[in-house]
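Q: Predicted model and sequence below, questions to follow.
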There are 2 protein chains.
Amino acid sequence: MSKPTPISGFPEWTPAQRMIEQFVLDRIRDTFELYGFAPLETRAVEPLDQLLRKGETSKEVYVIRRLQGDEQEPAGEDALGLHFDLTVPFARYVLENAGKLQFPFRRYQIQKVWRGERPQEGRYREFVQADIDIVDRDTLAAHHEAEMPLVIGDALRSLPIPPVLIQVNNRKICEGFYRGIGLTDPEAALRAVDKLDKIGPANVAELLAQTAGASEAQAKACLALAEISAPDASFADAVRALGVDDPLLEEGIAELVRVVETAAEHAPGLCVADLRIARGLDYYTGTVYETQMRGYERYGSICSGGRYDNLASSGAVRFPGVGISIGVTRLLGLLFGTGGLSVSREVPTCVLVAVTNEEQRAVSNRVADALRRRGIPTEVSPSAAKFGKQIRHAERRGIPYVWFPGADGAADEVKDIRSGDQLPATADTWTPPTEDLKPTVS
Amino acid sequence: MSKPTPISGFPEWTPAQRMIEQFVLDRIRDTFELYGFAPLETRAVEPLDQLLRKGETSKEVYVIRRLQGDEQEPAGEDALGLHFDLTVPFARYVLENAGKLQFPFRRYQIQKVWRGERPQEGRYREFVQADIDIVDRDTLAAHHEAEMPLVIGDALRSLPIPPVLIQVNNRKICEGFYRGIGLTDPEAALRAVDKLDKIGPANVAELLAQTAGASEAQAKACLALAEISAPDASFADAVRALGVDDPLLEEGIAELVRVVETAAEHAPGLCVADLRIARGLDYYTGTVYETQMRGYERYGSICSGGRYDNLASSGAVRFPGVGISIGVTRLLGLLFGTGGLSVSREVPTCVLVAVTNEEQRAVSNRVADALRRRGIPTEVSPSAAKFGKQIRHAERRGIPYVWFPGADGAADEVKDIRSGDQLPATADTWTPPTEDLKPTVS
């Protein structure tokens, strides 16, 4: 077998990086559970027709098939694809299990997703997302839209990462405004404005004319709206100063005021109303969120979502929802790239028990048993080499302590290999300092 | 959208079951880390030719392709398949990163895998495995083969599941023995004996004649070997009593004695030498493990593995390894099927904060903030309905406490909705009993 090479877009972390990722995922999960979100995991695959319901995303889907697909397939197994987000599978799960669920249903979901996009920095073909969503039956109270950024703010603040800013908008503001100025295809206008960061205002104006039939004045108004940004309810005055009147616009303003004011009370500085935020996927119908990490703004949002009213419906029953998703792999990829995160050692091990000679390996095993019973991560040396070599084995991995079983009735001793201090100890009572027990992330 | 239906072989747990699964995965991970295994996660895909290197498994592989595959693909992206286990990707990872790793390299890996097999009870197309492996460069010390069952024994004993029995054999015993009695195709003989539980001794004897060219006496000897089983080194006497002499046989006996004796010392009753255990996959070259759970023996092994000497090699460099894998989804599927595992509530939430009226939602939010800051999972009531209705919201989810913010300067009160007891409390000091803080699994 020749040396294998990485596959572009399918990142793999080192064990040390994976320890950091687990630390991050544990913190995120703890925060989600503190807010009462229940865990859910859906299968990795969905029927292809479900994945393609929203035409925009069809190009990103991976299809799967059995290599030996000629055998008789179980009923219902038509074409399957890997899910490209966790919202579409969640909406499907809610419809499938509506009879068994309590509404409003709060769930979190931390899984890999796959997209066949062109890989680039901060953009992968296989990546982990950490989502929360709340869905209700028939109607969903607007206060849930104000709660989402607070959960995410707490989750991200619990991590050793740069501060974040959550940018919030409401599709009703854009749609109402576009309609109010006489544009007949608000979705096309939204898609054009969504490109503002990428192509700049002049090109957006041109696109608005081409795809949404906007006049020069209309395009200018759209751009004026997109320029509005404020950390508080003052954005509403700025919108009204543009002199457009529309009931949907007013509804959107009221909802966005609530989100921004709730955030200002509970987490000052976390949120800003930013009326250029649109979100590409077209299932959002109200509040939308994006998140910038300070110093990494140019890589785009690390956490996005919004309210969707039409993603899950079955006959006359609708399940409106709101959700937000942390792009864990993107976040980690960016921070790993700049050395922004590190872990104190490469293995979980706190103590390496030395082996005096192979005949006495059982003695070392018993020491390790005793330490592990007390929750101390312990390895037994793989070889009975000279002690100097066994100590180097620990050093290379960052294991802080080496334990020497006492010979001929002498006491055991434990060495802190960083300081060189070596002291008598018994495995039933010795305890390392708390900061040495497990690897720490900073 | 019509009501979706499950896809056969792709199980999805309820949120309550997922809480149990997370509890199980956390315990397994804790044990693996206590033994110093470092975490690793590999991508879900491997080049198809790598997955098909072992012909036996080719029928199980899922191939993936981009739906819009006509675009220019990044270099190196030929046919990809979903991994069907975690050992083959791990071997590839070791080869790819050998220069960066410290050997012996101990890693654990907990991920989903996919196999296109016919679904049946306890057998899935998408399932979670929890693996540990140790690989070394050039040679791997035999004591690692004795360590594996001890780790697994500790991991499984930490779970609220029936007791397990790990059955151990050594391929060298079988191969040496078959060779010793004059059979020229030991692999064919191994495959025939592997079917003993399924088709019985008479059919195995016939299969041995057909596929391995065994005479009646040779088939009888093979079956006599397969019948040997003992919880200690006495199995060796039983093998030797069959009067076959072969150096590979002796090597295998010595290795298996060590595994069984180490287990007997550290975990009495955990392991048994069982000479019928073969393992279907053909990459094992020494010790092999299977695991039965009491009361669920008929569903087959819930935890299997073995030693492999030839899975990862690059030119003259070899990386022999030994590993074992817990079939988490199979284990849970069996226990869920018999109601063998339950969780104390359906949500992580410990406290539901009632909302007096929508204008005062911020008051309830502040109570929730204070409780969460102290690590108490808390939800705010989704509606300001009558308190009776808000209490029922908690009841239906198994949330034990409902918190009532005091009106007009009165003290807050907290109600244990199981006993009906309601007492004054402040969010900065109130603490629930430890057993109520988080859902408990039993």
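A: All right, it came through fine. Residues are numbered from 1 along each chain as shown, chains lettered A, B, ... in the order given.
Q: all contacts plus neighbour counts: C-alpha atoms, from now on.
A: Noted.
Q: which residue ranges form the strands in the stretch 51-200 of chain A?
A: Taking DSSP state E, counting those that start in this stretch to define them, one finds strands in the stretch 51-200 of chain A at A:62-66, A:80-82, A:105-114, A:126-135, A:164-170.
Q: and chain B, which of these is closest to it?
A: strand A:62-66 (4.4 Å; CA to the nearest CA).
Q: Now do that closest one: everything it contacts.
A: A:48, A:79-82, A:114-116, B:59-67, B:116 (CA atoms under 8 Å, 6 or more residues apart in numbering or on different chains).
Q: What of stretch A:365-373?
A: With CA under 8 Å, 6+ apart as the criterion, stretch A:365-373 contacts A:353, A:377-380, A:405, A:427-428, B:34-35, B:266.
Q: Figure out the helix or strand that A:G340 lives in.
A: Using DSSP states H and E, A:G340 sits within no helix or strand.
Q: In the stretch 151-300 of chain A, mark out all the helices, start to finish.
A: Read by DSSP state H, counting those that start in this stretch, the stretch 151-300 of chain A holds these helices, from start to end of the chain: A:171-180, A:186-193, A:196-212, A:216-226, A:234-240, A:247-266.
Q: Between the contacts of stretch A:365-373, which sits nearest B:K438?
A: Of all the contacts of stretch A:365-373, B:K438 sits closest to B:L34, with 23.3 Å by CA to CA.
Q: which one is the closest one nearest to, not counting chain neighbours?
A: A:P377 (3.8 Å; CA to CA, 6 or more residues apart in numbering or on different chains).
Q: same deal with A:K220?
A: A:A205 (7.2 Å).
Q: Just the buried ones among the contacts of strand A:62-66, please.
A: Neighbour counting by 16 or more other CA atoms under 10 Å in any protein chain shown classes A:48, A:80-82, A:114-116, B:60-67, B:116 among the contacts of strand A:62-66 as buried.
Q: Can you tell me what sits against stretch A:89-96?
A: A:42, A:46, A:83, A:101, A:311-314, B:3-6.
Q: Figure out how far it is from the centre of its chain.
A: 20 Å (CA atoms, centre = their mean, to the nearest Å).
Q: next one: stretch A:390-406
A: 36 Å.
Q: Now do it: distance from first to last residue.
A: End-to-end distance for stretch A:390-406, by CA to CA, to the nearest Å: 16 Å.
Q: cool, and stretch A:347-366?
A: 21 Å.
Q: pLDDT of that stretch, averaged?
A: Stretch A:347-366 carries an average pLDDT of 96.
Q: Apart from its neighbours in sequence, what residue is nearest the residue of the stretch 101-250 of chain A found nearest chain B?
A: Of all residues in the stretch 101-250 of chain A, A:G116 sits closest to chain B, at 6.0 Å by CA to the nearest CA. Excluding the flanking residues, the one nearest A:G116 by CA to CA, 6+ apart is A:E60, at 4.5 Å.
Q: and the one you found, what does it touch?
A: Taking CA under 8 Å, 6+ apart as the test, what A:E60 contacts is A:84, A:115-117, B:66-68.
Q: any idea how far it lies from B:L190?
A: In terms of CA to CA, A:E60 sits 45 Å off from B:L190.
Q: start to end distance for stretch A:91-104?
A: Stretch A:91-104 has an end-to-end distance of 13 Å (criterion: CA to CA).
Q: wait, which of the contacts of stretch A:89-96 is closest to B:A362?
A: For the contacts of stretch A:89-96, the nearest to B:A362 is A:L101 (27.4 Å; CA to CA).
Q: Need the pLDDT of that closest one.
A: pLDDT, A:L101: 95.
Q: likewise A:E117?
A: pLDDT, read off for A:E117, is 85.
Q: go on, A:A385?
A: 96.
Q: likewise A:E56?
A: 52.
Q: circling back: can you put the strands of the stretch 51-200 of chain A in CSV and add distance to B:E250 and mean pLDDT?
A: Converted to CSV, the strands of the stretch 51-200 of chain A look like this (distance: least, CA to CA, whole Å; pLDDT from 0 to 100):
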stretch, distance to B:E250, mean pLDDT
strand A:62-66, 43, 92
strand A:80-82, 49, 95
strand A:105-114, 47, 98
strand A:126-135, 48, 98
strand A:164-170, 64, 97
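Q: Compare the ones you listed and give me the one nearest A:R157.
A: Closest among the strands of the stretch 51-200 of chain A, using CA to CA: strand A:164-170, at 8.3 Å.
Q: residues contacting A:F235?
A: A:228-229, A:273.
Q: which of the residues you listed has the most neighbours?
A: Of all those, the highest neighbour tally under other CA atoms under 10 Å in any protein chain shown goes to A:A273, namely 25 neighbours.
Q: What's the local residue count around the nearest residue to that residue once chain neighbours are set aside?
A: In space, and not counting its chain neighbours, A:A273 is closest to A:V168: 4.9 Å by CA to CA, 6+ apart. Close neighbours of A:V168, defined as other CA under 10 Å, add up to 27.
Q: just checking, A:V168 touches A:R279?
A: No. Applying CA atoms under 8 Å, one finds A:V168 not in contact with A:R279, separated by 10.6 Å.
Q: Report the set of residues contacting both of these two.
A: A:288-290.
Q: From the contacts of stretch A:365-373, list just the buried residues.
A: Buried among the contacts of stretch A:365-373 (16+ other CA under 10 Å): A:353, A:377-380, A:405, A:427, B:34-35, B:266.
Q: Assign a three-state SS to the most centrally placed residue in chain A, would you?
A: In chain A, the residue lying closest to the centroid (CA atoms, centre = their mean) is A:I326, at 2.5 Å. The three-state label given to A:I326 by DSSP: H, G, I helix; E, B strand; the rest coil is strand.
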